[in-house]
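S.K.: Provide a 3D model corresponding to the input given below.
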Amino acid sequence: MRWMNRTGSPGNRLNLLISPLLALALGAGAANAQLNNVEPALGESVVFIAPKAAGQPQLEVSLFSSPNPELARPLVVLNHGMAPGGPRWNPRYRPDTLIRYFTSRGYVVAAPMRAGYADSSGVPNDPYCAATYDFAQREAESVRQAVDYLVAQPGLRVDPKRVVVVGHSAGGLASLAYAARPAAGVRGVINLAGGWRASANVGWCDWSARAASAWQRLGLQVRVPSLWQYASNDTDFFPSNLARNWVQAYASGGAPVTFVSLDNVDTRRVAAHVLWEDQPNMDRAAPDLDRFLVSLGLPAAPLWASPQGGNDPWPAGSSPSQLSDLTAASTLPMPASTSAQQGFEDFKRLPQRPRAFVMSLDGNWFFYRSGSFRPANEMLRTCRQAANMPCRVIAQGEKMAYPLNLTEPNDTP
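M.R.: Take a look at the predicted model:
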């Protein structure tokens, strides 16, 4: 996902995969409709885990079913990172490319939101300037609460002896901290660009040293095998050359680990830090994931067709055929900043479908995405949070959608 802020400085907004409801209006009429906020093609549902002990939060969990008919299916628990702006900026975690990878191989997938994130209750943990060992341990408690609940639900038809914990960014660190005291059936952990930092190294915050210390302490405790994947060109956060120092510190304590550097990943559609959200990059990452799953005695071959992404449905009563086609000559409605206009040109060249481009009403904020389920829903919510004002869908799929005035997100499950 690409974004631009009011000052025109580019950046990458990470880990925002949701499917909110949108209220839509067509022309001057009042043709309003609600869009479904779950994806039927992924067998998606949302549940809330009630606290069982004093001090525990209520956790929001997205579940994704598999067509696997087995009565006891392997379980994957996906753990999210932290969006810029803090935990409440994190919408519900729905990394569709990873989800499709696992469900096509017969896994049930669960994506819990940790305490204080999105619609989970509780107070989020403050990592100060860097993700320390103590921060990782506190984050791991939400992972533990989710795993304990999920393996005990007979209706999910999961095998409590075949569990894999996967985490991205801050979720990777939380996953490995959880692996220091895992449930008996956890066979392995997959760490995707794991870590966390708030700023550059300054006198009061040597975040890279703090992170290395956390990894070293975890390596003394974890005995569950793990696979680490990092991108060499993750210039926003944790490139492979930095992660190599971390994995050495981690392995020095005796923790079994396999490290993979994905070199020069394609950043035309997503930032390198979130390469697993992009299908072509995911195709590069998949063989190492497959080999790791095989080493754990778990399914690694695709057995069912993986559903492909789709655009958001058009509102009832609308006539998309009457909208202008999105072409190379299409331009943004005014007002639109110079940065937004350049972003729109980049968006039009994206090779993947589905796709959507969203812009704030003042034309200063814009977001776009391609290749994920219902990208208009996703980007509209993201834009509204960032701009603190209404946003609207400018283009979707092959159409210029702004005459429909799709402006009002609502991500209530």
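
S.K.: contacts, neighbours, all on C-alpha from now
M.R.: Fine.

S.K.: any idea how far the helix or strand hosting Arg291 is from the chain center?
M.R.: Element membership for Arg291, per DSSP states H and E: helix 279-295. Computed by Cα atoms, centre = their mean, to the nearest Å, the chain-centroid distance of helix 279-295 equals 17 Å.

S.K.: report the contact partners of Ser66.
M.R.: The neighbours of Ser66, taking Cα atoms under 8 Å, 6 or more residues apart in numbering as the test, are 42-43, 103-104, 106-108.

S.K.: quick one: residues contacting the nearest residue to it once chain neighbours are set aside.
M.R.: Spatial nearest neighbour of Ser66, excluding adjacent residues (Cα to Cα, 6 or more residues apart in numbering): Thr103 at 4.9 Å. The contact partners of Thr103, by Cα under 8 Å, 6+ apart, come to 64-67, 109, 306.

S.K.: in JSON lines, list these along with secondary structure.
M.R.: JSON lines is the format used below for these (DSSP: H, G, I helix; E, B strand; the rest coil):
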{"residue": "Phe64", "secondary structure": "strand"}
{"residue": "Ser65", "secondary structure": "coil"}
{"residue": "Ser66", "secondary structure": "coil"}
{"residue": "Pro67", "secondary structure": "coil"}
{"residue": "Val109", "secondary structure": "strand"}
{"residue": "Ser306", "secondary structure": "coil"}
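
S.K.: ok, so of those, who is nearest Ala316?
M.R.: Phe64 (26.8 Å; Cα to Cα).

S.K.: give the contact list for that closest one.
M.R.: 42-45, 99, 103, 108-110.

S.K.: the same query, at a cut-off of 7 Å, please.
M.R.: Residues near Phe64 by Cα atoms under 7 Å, 6 or more residues apart in numbering: 42-45, 108-110.

S.K.: specify the beta-bridge partners of Ser261.
M.R.: As for beta bridges, Ser261 partners with Tyr230 under DSSP bridges.

S.K.: re the thing from before, out of the contacts of Ser66, which are buried?
M.R.: Buried residues within the contacts of Ser66, defined by neighbour count using 16 or more other Cα atoms under 10 Å: 42, 103-104, 106-108.

S.K.: packing partners of the helix holding Arg291?
M.R.: For helix 279-295, there is no helix or strand it packs on, judged by 3 or more Cα pairs under 7 Å, 6 or more residues apart in numbering; DSSP states H and E.

S.K.: contacts for that helix next, please.
M.R.: 97, 227, 265-266, 275-276, 299-300.

S.K.: buried residues in it?
M.R.: In helix 279-295, counting by 16+ other Cα under 10 Å, buried: 279-282, 285-286, 288-293.

S.K.: show me where the protein has its helices.
M.R.: 96-103, 133-150, 170-178, 207-219, 240-251, 279-295, 338-348, 375-387 (DSSP state H).

S.K.: and which of the contacts of helix 279-295 is nearest Pro351?
M.R.: Asp266 (12.1 Å).

S.K.: not counting sequence-adjacent ones, nearest residue to that closest one?
M.R.: Looking at Asp266 with Cα to Cα, 6+ apart, the closest residue is Asn281, at 6.7 Å.

S.K.: which stretches of the stretch 1-150 of the chain form strands?
M.R.: Per DSSP state E, counting those that start in this stretch, the stretch 1-150 of the chain carries strands over the ranges 2-4, 10-12, 21-23, 44-49, 59-64, 73-79, 108-112.

S.K.: dump these to TSV, plus distance to Phe135.
M.R.: Formatted as TSV, these follow (distance: least, Cα to Cα, whole Å):
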stretch	distance to Phe135
strand 2-4	29
strand 10-12	24
strand 21-23	33
strand 44-49	22
strand 59-64	18
strand 73-79	15
strand 108-112	18
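
S.K.: please convert those to a markdown table, extending it with mean pLDDT and distance to Val222.
M.R.: Output for the strands of the stretch 1-150 of the chain, formatted as a markdown table (pLDDT from 0 to 100; distance: least, Cα to Cα, whole Å):
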| stretch | mean pLDDT | distance to Val222 |
| --- | --- | --- |
| strand 2-4 | 34 | 36 |
| strand 10-12 | 31 | 32 |
| strand 21-23 | 21 | 41 |
| strand 44-49 | 93 | 26 |
| strand 59-64 | 95 | 25 |
| strand 73-79 | 98 | 18 |
| strand 108-112 | 97 | 22 |
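
S.K.: ranking those strands by burial, who's on top?
M.R.: Between those, strand 108-112 has the highest mean count of neighbours, a mean of 27, where neighbours are mean count of other Cα atoms under 10 Å.

S.K.: just the angle between that one and strand 73-79, please?
M.R.: With axes from the mean of the first three to the mean of the last three Cα atoms, to 10 degrees defining the directions, strand 108-112 sits at 20 degrees from strand 73-79.

S.K.: so in that sheet, which strands flank strand 108-112, and in what orientation?
M.R.: When DSSP bridges is applied, strand 108-112 pairs with strand 59-64 (antiparallel), strand 73-79 (parallel).

S.K.: and it, how far out from the chain middle?
M.R.: On Cα atoms, centre = their mean, the centre of strand 108-112 falls 12 Å from the chain's centre.

S.K.: equivalent analysis for stretch 355-371, please.
M.R.: In terms of Cα atoms, centre = their mean, the gap separating the centre of stretch 355-371 from the centre of its chain is 18 Å.

S.K.: how about that stretch: buried residues?
M.R.: Result for stretch 355-371 [16+ other Cα under 10 Å]: buried residues 355-361, 363-371.
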